[in-house]
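A.B. asks: Could you work out the structure for the sequence below:
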Amino acid sequence: MTHVVCQPCYDCKYTDCVAVCPVECFWNDDKMLYIDPADCIDCEACVPECPVEAIYAEANVPATWTSFVSLNAEQSAALKSAGDGHITEKQDPKEGSGCKKKS
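C.D. replies: You can find the predicted model right below:
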């Protein structure tokens with residue numbers, strides 16, 4: 001099993017999760033972060049670090065967000081193949097208009 005970054009991360013990139021990932025399986029583009037399912041070891045370290053509650057175990061992804069399972073796999077593979085977007089350290093947040101950080 002792997003973890004999946006879902007809708008709350010779209011246009012609302014916080015990278016707290018990236019800093020705690022022991023296998024550096026996060027990738028990103030202009031809009032959000034993605035977890036590479038080939039590299040994720042299901043340690044759950046990233047889950048409590050996400051201030052917008054966007055990361056779920058694949059088996060627990062809400063039904064309305066199931067498309068994010070394949071999106072994470074496809075986008076992380078495409079970014080990895082292009083050699084672009086690997087993220088291993090916390091960066092400044094990028095908050096778009098739809099961003100809703102949890103208190």
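A.B. asks: quick one, what contacts the residue nearest to residue 42 when sequence neighbours are not counted?
C.D. replies: Distances taken as Cβ to Cβ, 6 or more residues apart in numbering put residue 1 closest to residue 42, at 5.2 Å, once the chain neighbours are dropped. Quick note: C-beta positions are derived from backbone N, CA and C, even for glycine. Residues in contact with residue 1 (Cβ atoms under 8 Å, 6 or more residues apart in numbering) are 42, 57-59.
A.B. asks: biggest helix in this structure, by residue count?
C.D. replies: Longest helix of the chain, by residue count under DSSP state H: helix 67-82.
A.B. asks: neighbouring contacts of it?
C.D. replies: By Cβ under 8 Å, 6+ apart, the surrounding residues in contact with helix 67-82 are 2, 4-7, 25, 27-29, 34-38, 58, 61, 85-86.
A.B. asks: Can you tell me which of those residues are classed as buried?
C.D. replies: Taking 16 or more other Cβ atoms under 10 Å as the criterion, what is buried in the contacts of helix 67-82 is 2, 4-7, 25, 27-28, 34-37, 58, 61, 85.
A.B. asks: By mean pLDDT, flag the weakest helix or strand of the chain.
C.D. replies: Least confident element among the helices and strands of the chain, by mean pLDDT, DSSP states H and E: strand 94-95 (a mean of 90).
A.B. asks: Walk me through which strands it pairs with, and which way each runs.
C.D. replies: Paired neighbours of strand 94-95 in the sheet (DSSP bridges): strand 12-13 (antiparallel).
A.B. asks: I'd like the average pLDDT over the partner strand.
C.D. replies: Here strand 12-13 scores 92 as its mean pLDDT.
A.B. asks: Next secondary structure element downstream of it?
C.D. replies: Next helix or strand after strand 12-13 toward the C-terminus (DSSP states H and E): helix 16-20.
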